[in-house]
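Enquirer: give the three-dimensional model of this entry:
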Amino acid sequence: SCDEDKDTRFIILRGSGRAFCAGGDIKGSGSTNELYFDKNIRAFHETLFYMGCVMKTPVISFLNGITVGGGIGISQLTAFKIATENTTFCLPEASIGHFCDAGSSFIIPRMEGYLGVYLALTGHSFKAEDTLFAGFATHFMDSENITALEKKLSEQDSITLDIIDSIIQEFSVSMDHVASNYRFYGDTLQAIERCFKYNSVQDIIKALEREGTKFAEGCLKSINFCSPTSLQVIMNAINQGKSRSMAQCINYEYHLWCNLPFAHDYKEGVYALLEKRRPQWIPSTLDEIDSNYIQSNFFTRVRSAPFMDLSYDFTTSPYKRFHLPTFEEVVDIQKKYGLKTRKEIIDWFLNDRKGKFGVKQKVTDILDRNKIGSTWAKI
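Expert: Below you'll find the predicted structure:
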């Protein structure tokens, strides 16, 4: 393994062409060939578990292009996720009758501001810098710097996570970089938090209908296109994933893979996509979904997968410190050090994150959106 090879100090994941990873083999996985599943799906989840929970060798993902479905899950299990101007990030599974896999049931409920839930239910995309602000990337750089970064990393005699972080920061955009894509903050993020905070798809739809904005209408249109069964399965997986460990989530997703692809909607969704037509879901509405059927067929009688060793596990990502600050972190630091002003808080995080691009914007937005009852003065 990589951990046992002294010559392997770090691993780089990158795609070729226009994509980092465009997801799985849609046509192959849409078949009812059980041999395909035994050969490919088990191997994929075994690799996913090993890379996400067992392997200690640092992994760096260059999200320099389209990052879809399983590509998101794979990249989110790595220590460093580098977005570029070419990054496009989306979870379109519900629109083809599938579910969010590759560790997504662990990742999505832990994304700040319910952005993960929004992404999973609508299939909308994040582009470029928004990937960093949303918490799906740790750094943002111009794609032309990737080769130079790889060269410098390879020249190091010894490597630690902090050394990798510092080197990536050298090649990232400067603190005063002007974002070409920065949409999910302020009023938009508050609307997402208001509408996607619920534990059921029906309640989320009702909240979007109450919102009544153009943004909410776009969300409703996307959700209404999706498979009702998939929406319910995804929401159920997210709710259960909140209290589960990474290994437990991968285990549940493995068993979902052993059931859901043989249901009507996944086959219909795949062939509708290939034939460029609107899918005909069965059942066709959320009101027709039997929640007991969803629970009993997809979420019960789950045993540990044959490759799973739950002694390798975690409930909180060990790489959070390489991301932009979260609301909880801002509150904790403000209380811990008795910071009184916005400038003190922003300066603390800029120093802690070594002047990383996005820190000032993210912390400023957190303070702006939570200023009611706050003593953080604007200076």
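Enquirer: give the residue spans of the chain that score low on pLDDT.
Expert: Applying pLDDT under 70 to the chain picks out residues 1-5, 22-54, 260-262, 299-312, 372-379.
Enquirer: swap in 50 and give it another go.
Expert: When residues are selected by pLDDT under 50, those of the chain lie in 372-374, 377-379.
Enquirer: buried sites along the biggest helix by length in it?
Expert: Ranked by number of residues, the top helix in the chain under DSSP state H is helix 228-241. Buried residues in helix 228-241, counted by 16 or more other Cβ atoms under 10 Å: Pro228, Thr229, Ser230, Leu231, Gln232, Val233, Ile234, Met235, Asn236, Ala237, Ile238, Gly241. Glycine gets a C-beta too; all of them are placed from N, C-alpha and C.
Enquirer: can I get those residues in TSV with distance to Glu170?
Expert: As requested, those are exported to TSV (distance: Cβ to Cβ, whole Å):
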residue	distance to Glu170
Pro228	48
Thr229	47
Ser230	42
Leu231	43
Gln232	46
Val233	43
Ile234	39
Met235	41
Asn236	43
Ala237	39
Ile238	37
Gly241	35
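Enquirer: return the member of those nearest to Ser222.
Expert: The closest of the buried residues of helix 228-241 to Ser222 turns out to be Leu231 (Cβ to Cβ; 10.8 Å).
Enquirer: please parse the protein into its domains.
Expert: If you go by automatic domain parsing, the domain ranges for the chain are 2-316, 324-369.
Enquirer: what residues are up against the residue nearest to Leu286 when sequence neighbours are not counted?
Expert: Closest residue to Leu286 apart from its sequence neighbours, by Cβ to Cβ, 6 or more residues apart in numbering: Pro228 at 4.6 Å. Each residue near Pro228 by Cβ atoms under 8 Å, 6 or more residues apart in numbering is listed here: Trp281, Pro283, Ser284, Thr285, Leu286, Glu288, Ile289.
Enquirer: quick one: the strands in the protein?
Expert: Remark: strands assigned in the chain by DSSP state E are 11-14, 19-21, 59-63, 66-68, 80-83, 88-90, 125-127, 139-140.
Enquirer: columns mean neighbour count on top of these, output as JSON lines?
Expert: Formatted as JSON lines, the strands of the chain follow (neighbours: other Cβ atoms under 10 Å):
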{"stretch": "strand 11-14", "mean neighbour count": "16"}
{"stretch": "strand 19-21", "mean neighbour count": "23"}
{"stretch": "strand 59-63", "mean neighbour count": "25"}
{"stretch": "strand 66-68", "mean neighbour count": "24"}
{"stretch": "strand 80-83", "mean neighbour count": "28"}
{"stretch": "strand 88-90", "mean neighbour count": "22"}
{"stretch": "strand 125-127", "mean neighbour count": "19"}
{"stretch": "strand 139-140", "mean neighbour count": "25"}
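Enquirer: in a markdown table, list those strands along with distance to Arg110.
Expert: What follows is the strands of the chain, written out as a markdown table (distance: least, Cβ to Cβ, whole Å):
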| stretch | distance to Arg110 |
| --- | --- |
| strand 11-14 | 21 |
| strand 19-21 | 21 |
| strand 59-63 | 18 |
| strand 66-68 | 18 |
| strand 80-83 | 14 |
| strand 88-90 | 16 |
| strand 125-127 | 16 |
| strand 139-140 | 19 |
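Enquirer: what's the closest of those to Phe106?
Expert: Proximity to Phe106, assessed across the strands of the chain by Cβ to Cβ, is greatest for strand 80-83 (15.2 Å).
Enquirer: now the contacts of Pro228 as TSV including neighbour count and distance to Lys56?
Expert: Below are the contacts of Pro228 laid out as TSV (neighbours: other Cβ atoms under 10 Å; distance: Cβ to Cβ, whole Å):
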residue	neighbour count	distance to Lys56
Trp281	21	43
Pro283	15	46
Ser284	11	48
Thr285	9	47
Leu286	17	43
Glu288	11	48
Ile289	17	42
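Enquirer: out of the residues you listed, who's nearest Ile333?
Expert: Leu286 (41.3 Å).
Enquirer: I'd say that closest one and Gln232 touch.
Expert: Yes. Assessed by Cβ atoms under 8 Å, Leu286 is found in contact with Gln232 at 7.1 Å.
Enquirer: joint contacts of the two?
Expert: Common neighbours of Leu286 and Gln232, using Cβ under 8 Å, 6+ apart, are Val201.
Enquirer: Asn370: which of the strands of the chain is closest?
Expert: The closest of the strands of the chain to Asn370 is strand 125-127. By Cβ to Cβ, the value is 22.2 Å.
Enquirer: residues contacting the closest residue to Pro325 other than its chain neighbours?
Expert: The shortest distance from Pro325 to any non-neighbouring residue, by Cβ to Cβ, 6+ apart, is to Phe349 (5.1 Å). Residues near Phe349 by Cβ under 8 Å, 6+ apart: Pro325, Val330, Ile333, Val359, Val363.
Enquirer: let me know the closest of those to Gly65.
Expert: Val359 (25.2 Å).
Enquirer: quick check: that closest one vs Ser172, distance?
Expert: Counting by Cβ to Cβ, to the nearest Å, the gap from Val359 to Ser172 is 12 Å.
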